[in-house]
Each structure stands twice: as C-alpha cells, then as structure tokens.
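*Asks:* pasting the sequence and the predicted coordinates here, then a few questions.
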Amino acid sequence: MDASSFLSRLETLLDSRGLVTAPDDMAPHLVDWRGLFRGEALAVVRPRTAQEVAAVVAACAEAGVAVVPQGGNTGLAGGAVPVGPAPQILLSLSRLNAIRKVDRVGMLMEVEAGCILQTAQEAARAAGRLLPVSLAAEGTAQVGGVISTNAGGINVLRYGMTRQLVLGLEVVLADGTLVNALRPLRKDNAGYDWKQLFIGSEGTLGLVTAAVLRLVPAPQHKVTALLAVPSPEAALALLNRVQDEVGDQVSAFELICGLSFDLLKRNCGLDLPLAPAPWLVLMQADSSLAGIADKVEEVLAGALEAEEATDGVVASSEAQARQLWALREHITEAEQREGPSVKHDVSVPIADIPAFLADAEAAVAAAHPGARANMFGHAGDGNIHFNVLIPPGTDKAALNRTVHDAVARFDGSISAEHGIGQYRAGELAHYKPAAELALMRRIKAALDPDGRLNPGKVLA
C-alpha cells in the first residue's frame, strides 16, 4: 500500500480533526520541547477513542507502518519523537482526555491517557483526595505519557513511582488488539500482573489508552522548609532524623547544590531567603492531623543543634511554600539561560549519594576542564539530576560516559525517572547487563515482533 492509499485508509477511520498532514500543523509534534530531537512522519493521527486507536494501529500493522505514540511531549529523552527513515505515523493521544470516574470511597479514578496530569490532580482534589504524582511539567504532561515513562517527581519518597499508583490499564497491542483491564481492585492475584510490562516501556510494547489510578487521602496540613546544610553527608543525617521522628509524613526531600541558587539569582532573579550555603535541603511533610508544623519545627531545631543544618526557614503560609518550591522548579530554566548543558537523570543507593557526588564531580573536573556540575534532585529516593554546564567544544558523548561510569561504580542507574527514549538507548546497551538486555529483547519480540511500536527507543 502506497502512502497516499494508506492515508486515505486512515481518513476513513477518523473524523475531520483526526488526520493532520499539513507540514506546519505537524511540525510542533515532530520536535521535542528542548529542540534536541526532530523526526519525520507520514501524518499526525489524533483519534478520539480507544477503539479508534485500535483501528489505526491495526491499519498500520497491515500496511507495515510504524507508530510513535505521543502524550504531552514533555519528556527529556526524545521518546515521543519519530526517529529513523521507516514509514511511520505520530499518534497523539491528546483527544482521549476524559476523566471517566472518580471514586472517593474506593480512592481511585479512571482516566483516559490524554488527560493532562494537572487536570486529573484537580479532579482528585475536588473529591477530597490526592493524586500524588507531582512533577514540573504537570500542566502539560498527559497521564498516558506519565504511565508510559513511569514518571517520578517530588513525592516518590512517600508514595512511590507512578508504577505504585496504577491499578488497571487499557492498552492497544501492536496488532491493534484492545485489552481492557480497567479493574478497580487493590488485590488481584489472578495470573500475571502484565500491566507492569507497559508501565515504563515508553510505548515500545503497547499504547496505554486509559488507566485506573490509586488515590490517597488529601493531607489537610503541610509544612515546607528550606535548610542550609554543610554537606551531602549532613543532608542524609537530616533525612534520617526527620524520617525517624516524623515518619512517612515526609513527602519530599530535595538536595540542591549552591551553584543552583547562583544560577537562579543570576538568570531568573530569584533570591534565596537564606545566606549562601554550599548545599541546601528543601523538604515537605504532609499530614491529615494538626500539629505537623510544630513537630517538624521541633525536629529541625534538633538538627540545627546537631549542626546537621546551619540555617533554615519554615514557610508560614501556602504562598511562602509556593515561593520556596518555585526555587526548585526554576533550576532547569536557570540552567538553560546560563548556556549549554548536558543533563543526567541518575540514581544511586541513598547511602552512597555523598560519595557518588564527590566521585562524579571530581571525574568531570579532571576529564572536562571548565565544566561545572549542577547537582540537585530527590535525595530521599536516591535520584540525582547531575547536570553539567559545559564550555564550547566539550565532547558530550565523552562527558556522558564520564558521569555514567561514576554511576556504574556505585551500582546505580543511568535513568532514574526520565526514561531511555532515543537519547539514552546507546548508553543502556553499554551499561545494562547482557542477560537483562536479552530478556528485554525477548519481551519486545513477543509483544511487537515486527518492531513497529516506537522504533529506535529504549532498545538500540
């Protein structure tokens, strides 16, 4: 089937807004938001229902056309942009955006893949519940993309990754089969938990069209604090203290290097409400019970006395809490304004964070003169964004290998929450043990034998 006949076939499956072929209208879908990856497609397809997704994927299977699924296109690994010369369509899930159900008693919601994450959060909040996945791109990211990349964010410490919040999925397979397992069950041991294969697989095994997500009670009281700490070792001592004394009410614990705040002041005009410090911790604790603020302040007073922290400020209002979190959320923007950088989303065992940071920073300084490590991230779960501001002429591939070699020395992962996509596919092939890669390829071959789902991603 030639391209014209194939597009005509798709046209019969969709409404007038479902098939986009004009180059100017397709262009925003064919580049990632950072402008690092660009691709080509025969068309952008915008189905309205899971049944239409299934029909389109079946037509592609029959014609030998690849399918690249795309949610909000907020990923940082080029996973939602076409790659390679093979005939392919870009399938946007943005029109599958309904919130089908919010169950306050069962504490769950059923939502379509194209629903904006923030919209889903607001629907949960209106029911007095919390959808705890929270990340900087939540105003644009879509639920299907969040699931397909197993997104993390700031609340992993308390609530886990997206994987821990998915109760059921609706998925379209490579041949167009629609599998509906949207069961609102907390306990289901009837056979394989196959949905886990699709969570985090970045659309390479199947297309998520809807999900049942677990909600949690909405905390009524929150306390946010920013603290200066003398070292990453002191930050971990502080983490141990607050977990011992506040327990699982600690929802976020971010470690941020002093360079980040220099960049925020210089490039975003944001001032630090503390004296400059080599390291800072931004933490939040949530509770449905009153008294959490007094308890946290008591714990932080002990940390100051033990010199685990040298200074600190506790937000006295929701507005002040937002101001503190704005510092964390604008770090990436401040980096971009500073100049070119190479970003690394890595994880290491929590206890090894201080040693890893020292090792990786020293390795970068030795191998890449003039490069500056900007280190920040979710220390409570071991995920560090080890970003490197680079001078002209820096060999980015060599820099990646320097950082990832340091990660490997600590038995870490080269991708903690941003996924592999096309950006890290080569690095995954280099660092992942051979037996694990072979197992991944066997799964891929079983579910997508012709390699038509999101080709060029994850497995190089």
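*Replies:* Perfect, I can see it now.

*Asks:* going by C-alpha atoms from here, please, whenever you check contacts or count neighbours.
*Replies:* Will do.

*Asks:* domain ranges for the protein?
*Replies:* 3-95, 99-217, 221-332, 339-417 (automatic domain parsing).

*Asks:* just put those in JSON lines and tack on distance to Gly456 and mean pLDDT.
*Replies:* Formatted as JSON lines, the domains of the chain follow (distance: least, Cα to Cα, whole Å; pLDDT from 0 to 100):
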{"stretch": "domain 3-95", "distance to Gly456": "6", "mean pLDDT": "94"}
{"stretch": "domain 99-217", "distance to Gly456": "9", "mean pLDDT": "96"}
{"stretch": "domain 221-332", "distance to Gly456": "27", "mean pLDDT": "94"}
{"stretch": "domain 339-417", "distance to Gly456": "17", "mean pLDDT": "96"}
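
*Asks:* which of the ones you listed sits closest to Ala445?
*Replies:* Closest to Ala445 of those is domain 99-217 (Cα to Cα; 9.1 Å).

*Asks:* can you show me the helices along the stretch 351-460 of the chain?
*Replies:* All helices of the stretch 351-460 of the chain, identified by DSSP state H, counting those that start in this stretch, fall at 353-367, 396-409, 425-431, 434-447.

*Asks:* would you mind giving those as a markdown table with distance to Gln323 and mean neighbour count added?
*Replies:* Converted to a markdown table, those look like this (distance: least, Cα to Cα, whole Å; neighbours: other Cα atoms under 10 Å):
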| stretch | distance to Gln323 | mean neighbour count |
| --- | --- | --- |
| helix 353-367 | 27 | 17 |
| helix 396-409 | 32 | 17 |
| helix 425-431 | 37 | 16 |
| helix 434-447 | 43 | 13 |
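
*Asks:* and Ala59, which of those is closest to it?
*Replies:* helix 434-447 (17.0 Å).

*Asks:* quick check, Phe261 in contact with Gly269.
*Replies:* No. Using Cα atoms under 8 Å, Phe261 makes no contact with Gly269, being 10.1 Å away.

*Asks:* which strand or helix spans the residue nearest the centre of the chain?
*Replies:* Most central in the chain under Cα atoms, centre = their mean is Ala151, positioned 3.3 Å from the mean C-alpha point. Counting by DSSP states H and E, no helix or strand carries Ala151.

*Asks:* who's in contact with stretch 228-246?
*Replies:* The contact list for stretch 228-246 (Cα atoms under 8 Å, 6 or more residues apart in numbering) reads 250, 253, 255, 274, 277-281, 295-296, 299-300, 303, 307-312, 351, 353-354, 380.

*Asks:* which ones among the residues you listed are found in strands?
*Replies:* In strands, judged by DSSP state E, the following of the contacts of stretch 228-246 are found: 250, 253, 255, 279-281, 311-312.

*Asks:* hang on, the earlier thing: among the domains of the chain, which is nearest Leu459?
*Replies:* domain 99-217 (9.0 Å).

*Asks:* show me how far the closest one is from its chain's centre.
*Replies:* Chain-centre distance of domain 99-217: 13 Å, with Cα atoms, centre = their mean, to the nearest Å.

*Asks:* quick one: end-to-end distance for that domain.
*Replies:* 19 Å (Cα to Cα, to the nearest Å).

*Asks:* how about the CA coordinates for the helix or strand containing Asp25, as CSV?
*Replies:* Assigned by DSSP H and E, Asp25 belongs to helix 23-26. Taking Å, rounded to 0.1, in the frame of the first residue of the first chain, the C-alpha atoms of helix 23-26 are listed here in CSV:
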residue,chain,number,x,y,z
PRO,A,23,3.6,20.4,7.4
ASP,A,24,3.0,23.5,9.6
ASP,A,25,0.4,21.7,11.7
MET,A,26,2.5,18.6,12.1
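
*Asks:* which elements pack onto whatever helix or strand comes next after it?
*Replies:* Downstream of helix 23-26, the next assigned helix or strand under DSSP H and E is strand 44-45. Applying 3 or more Cα pairs under 8 Å, 6 or more residues apart in numbering; DSSP states H and E, we find strand 44-45 packed against strand 19-20, strand 88-92.

*Asks:* mind listing what's buried in the next helix or strand after strand 44-45?
*Replies:* Beyond strand 44-45 on the C-terminal side, the first helix or strand identified by DSSP H and E is helix 50-63. With burial defined by 16 or more other Cα atoms under 10 Å, the residues of helix 50-63 counted as buried are 50-61.

*Asks:* if we can go back for a sec, just the buried members of the contacts of stretch 228-246?
*Replies:* 250, 253, 255, 277, 279-281, 296, 299-300, 303, 308-312, 353, 380.

*Asks:* span of stretch 108-119 from start to end?
*Replies:* Termini of stretch 108-119 sit 15 Å apart (Cα to Cα).

*Asks:* how about stretch 198-214?
*Replies:* With Cα to Cα, one end of stretch 198-214 sits 17 Å from the other.

*Asks:* likewise stretch 223-234?
*Replies:* 21 Å.

*Asks:* how far away from the center of its chain is that stretch?
*Replies:* 24 Å.

*Asks:* got it, and stretch 346-360?
*Replies:* The mean C-alpha position of stretch 346-360 is separated from the chain mean by 20 Å, Cα atoms, centre = their mean.

*Asks:* identify the residues contacting that stretch?
*Replies:* Against stretch 346-360 from outside (Cα under 8 Å, 6+ apart): 232-233, 236, 375, 379-386, 402-403, 406-407, 410-417.

*Asks:* what of stretch 393-407?
*Replies:* 342, 344, 346-348, 356, 359-360, 363-364, 367-368, 413-414.

*Asks:* returning to that earlier point: just the buried residues of helix 50-63 now: which is nearest Leu182?
*Replies:* Using Cα to Cα, those come closest to Leu182 at Ala50, 12.7 Å.

*Asks:* so who does that closest one touch?
*Replies:* Contacts of Ala50 by Cα under 8 Å, 6+ apart are 96, 172, 178, 209.

*Asks:* export those residues to CSV and append columns for distance to Val81.
*Replies:* Shown next, in CSV, are the contacts of Ala50 (distance: Cα to Cα, whole Å):
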residue, distance to Val81
Leu96, 19
Val172, 19
Leu178, 24
Thr209, 18
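
*Asks:* go through the helices and strands packed on strand 44-45 and pick out the most buried.
*Replies:* Highest mean neighbour count among the helices and strands packed on strand 44-45 (mean count of other Cα atoms under 10 Å): strand 88-92, with a mean of 24.

*Asks:* now it - C-alpha only, PDB.
*Replies:* Provided in PDB are the C-alpha atoms of strand 88-92 (Å, rounded to 0.1, in the frame of the first residue of the first chain):
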ATOM      1  CA  GLN A  88       5.700   6.000  10.500                       C
ATOM      2  CA  ILE A  89       2.800   8.000  11.900                       C
ATOM      3  CA  LEU A  90       2.800  10.000  15.100                       C
ATOM      4  CA  LEU A  91      -0.200   9.100  17.200                       C
ATOM      5  CA  SER A  92      -1.300  11.900  19.500                       C
END
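
*Asks:* that concludes my questions; thank you for your assistance.
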